[in-house]
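[1] Build me a structure from this.
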Amino acid sequence: MSEKVVVLDRDGVINQDSDEYIKSLDEWVPYPQSIESIARLHQAGWQVAVATNQSGIARGFYTKATLENIHRELHRRVNIAGGELAHIAYCPHGPDDFCHCRKPQPGLLEQIQDVLHLTDFEGCWMVGDSLRDLETGAAMGCHLALVRTGKGLKTEAQGEGLEGTLIFDDLASFVDWLLLEQQNELNCR
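    Residues are numbered from 1 along each chain as shown. As a prediction, the model looks like this:
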């Protein structure tokens, strides 16, 4: 039996992205319905995890403490909405650090796999707004979804590497579709 896990990129999927980085809690602005969407997934039996590159730490734009403060607020809002985040994995390294955890490398998903005790990612979803999100998910065997928020429209327009990827306007529309698919599957049994 496959696991029910959805892995989300953060910036551009859950919250607004910025080419200037999200450097403080004040700059962290969730998209409408993204927090509720995470809660809905949890309530429908899905574990939700986040895999996010945060090279702003390596670049000196913000500290790990600032990032942890943002993530505490994300957990708090999801909990208030009736949901739960199973894990947030982040890479604090820069692109020149050649680490194993910076997407598109698989380290963040391997961390999620260990924390959630997953045998594999069969049946799991990776939802992102960039090609590197999709490449990470594909390398681990996830189903792939691209959202048009954040860098998603640009990624879609480039058109490369999107084979087998479902495309949605935003996280809420992905969750609407996934939960409808889940209900249809249950009705067919």
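[2] contacting residues around the lengthiest strand in the chain?
    Using DSSP state E to define each element, the chain has its longest strand at strand 47-53. Strand 47-53 is contacted by residues 3-11, 14, 38, 41-42, 74, 78, 83-91, 102-103, 108-109, 112, 115-116, 126, 132-133, 136 when judged by Cβ atoms under 8 Å, 6 or more residues apart in numbering. (Glycine included, C-beta is placed from N, CA and C.)
[3] In this model Trp125 seems to touch Cys142, though I could be wrong.
    Yes - at 5.9 Å, Cys142 counts as touching Trp125 under the criterion of Cβ atoms under 8 Å.
[4] so what sits against both of the two?
    The contact lists of Cys142 and Trp125 share Val7, where a contact means Cβ under 8 Å, 6+ apart.
[5] Beyond the longest strand of the chain, next helix or strand please.
    Using DSSP states H and E, the helix or strand that follows strand 47-53 in sequence is helix 64-80.
[6] Which residues belonging to that next one are considered buried?
    Using 16 or more other Cβ atoms under 10 Å as the test for burial, helix 64-80 gives Thr66, Leu67, Ile70, His71, Leu74, Arg77, Val78.
[7] Return the list of helices and strands in contact with that helix.
    Helix 64-80 is packed against helix 34-43, strand 87-91, with contacts defined by 3 or more Cβ pairs under 8 Å, 6 or more residues apart in numbering; DSSP states H and E.
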